[in-house]
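1. one predicted model, sequence on top.
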Amino acid sequence: MISKSKQRIFLSPPHMGGREFEYVKQVFESNYIAPVGEFISCFEKKVCEFTRARYALALSSGTAAIHLALKILGIGENDKVLASTFTFIGSIAPILYQGAEPIFIDSDDSWNIDPNLVEHAIKKNRPKAMVITHLYGQCARIEELMYLSKKYKVHLIEDAAESLGATYMGRHAGTFGDFGIYSFNGNKIITTGGGGMLVSNNKEWIDKARFLSTQAREDCLWYEHKEYGYNYRMSNVLAAIGVGQMEILRDRIEKKRKIFQIYFENLCDIAEFMPEIPNSRGNRWLTTIVFKDQDPFEVIRYLNEKNIESRPLWKPMHMQPVFKGTKSYLNGISEDLFKKGMCLPSGSSLEEEQILTICEYIRSCVL
Ligand SMILES: Cc1ncc(COP(=O)(O)O)c(C=O)c1O
């Protein structure tokens, strides 16, 4: 089926629900093709209703959202910030934008950040904040992390860029800490082509973030600035896409979970899958595996020959040349995951037959 269609299968391509174009047309009709307009507040409201976060701010990217969170929490030069090593660089770069020092923490058997290592690193370094990633759509051990955040008074920023809709004890990833962020980059569970959302239960912080995201302009007739800010606000055009995507987010989560289930049933004898921690429900943004006895890079190359995109797992931050020498608390888990694992094609428009063919290709490499 895959070879017949000759169409490339992408890892997690955009998947519109149907109303997005209609909403974008409305933006054109109103001429609010700008970083202001009704769809921006509508998108923020929809994210609040869905996640039950009290306040939300639509931004140009998830990276920008993390940056503003750090800025508002007063993280600056010489401050230390703990962060997941097993993540994407967008989670870490904002720590550097603020001139602060990232300290990398390894994963535990959940594949997400290890709270025991976090506590050890807190005692040794007295960090001001931690940025923890809920990876690939699965919740990190957020209850333990919240406990540590309160006990040691370390601010908690949840990077839920990949995990919109994931829950722990029924509560949404991104809504436990001081701030949470989501990404609407092109490959995420829903997309605006590029964008992010900052959420918090603290109104003052979100108000301040809004101010900083629009160049810190004072409320004045002319352009008056007592401090500098950023050009980080989301466009009304993109927010219109976001409003349309929010309408089908639940369906996308169910479909991603179904995709996971099909892979699991067909590959569980040759691979292990990223687990869900007890009491959580992931959005299964990407189905991710580690092989028991197979080089994943060979499989990735083979699938690519078949016109199918797959990917290695994130290369841990402490292994990246740019972070050579950065203080890290390691246990070998993320390095092992990187060496043995891969992300399977997980687009929400995949059909069962296509997934079964992908499984056959993978098995043909392994057996
Ligand atoms: C874990 C993680 N953090 C942060 C980001 C940054 O989000 P954005 O691309 O919207 O800046 C991404 C995704 O792109 C991500 O996967």
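-> Done, it's in. Residues are numbered from 1 along each chain as shown.
2. the residue of the stretch 251-367 of the chain found nearest the ligand: what secondary structure?
-> Using C-beta to the nearest ligand atom, the single residue of the stretch 251-367 of the chain nearest to the ligand is residue 314, 7.9 Å away. (C-beta placed from N, C-alpha, C; glycine too.) The three-state label given to residue 314 by DSSP: H, G, I helix; E, B strand; the rest coil is coil.
3. contact partners for it?
-> Going by C-beta atoms under 8 Å, 6 or more residues apart in numbering, residue 314 touches 86-88, 135, 338.
4. could those residues be laid out in a markdown table, adding secondary structure?
-> As requested, the contacts of residue 314 are exported to a markdown table (three-state DSSP):
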| residue | secondary structure |
| --- | --- |
| 86 | coil |
| 87 | coil |
| 88 | coil |
| 135 | helix |
| 338 | helix |
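5. can you pull out the strands in the stretch 101-250 of the chain?
-> Assigned by DSSP state E, counting those that start in this stretch, the stretch 101-250 of the chain shows strands spanning 101-105, 129-133, 155-159, 167-168, 171-172, 179-183, 196-200.
6. check which helices and strands the first one is in contact with.
-> Read it as strand 101-105. Packing contacts for strand 101-105, counted by 3 or more C-beta pairs under 8 Å, 6 or more residues apart in numbering; DSSP states H and E, involve strand 80-84, helix 93-97, helix 115-125, strand 328-329.
7. out of the ones you listed, which is the most enclosed?
-> Across the helices and strands packed on strand 101-105, averaging neighbours per residue (mean count of other C-beta atoms under 10 Å) puts strand 80-84 on top, at a mean of 26.
8. and the angle from that one to strand 101-105?
-> 30 degrees (axes from the mean of the first three to the mean of the last three C-alpha atoms, to 10 degrees).
9. list the buried ones in stretch 242-251?
-> 242-246, 248-249 (16 or more other C-beta atoms under 10 Å).
10. C-alpha coordinates for it, CSV please?
-> Only the C-alpha atoms of stretch 242-251 are listed here, as CSV (Å, rounded to 0.1, in the frame of the first residue of the first chain):
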residue,chain,number,x,y,z
GLY,A,242,-5.1,27.1,16.4
VAL,A,243,-8.8,27.6,17.2
GLY,A,244,-9.7,25.2,14.4
GLN,A,245,-7.1,22.6,15.7
MET,A,246,-8.4,22.9,19.3
GLU,A,247,-11.8,21.6,18.0
ILE,A,248,-10.3,18.3,17.0
LEU,A,249,-7.6,17.9,19.7
ARG,A,250,-9.5,15.1,21.5
ASP,A,251,-9.8,13.1,18.3
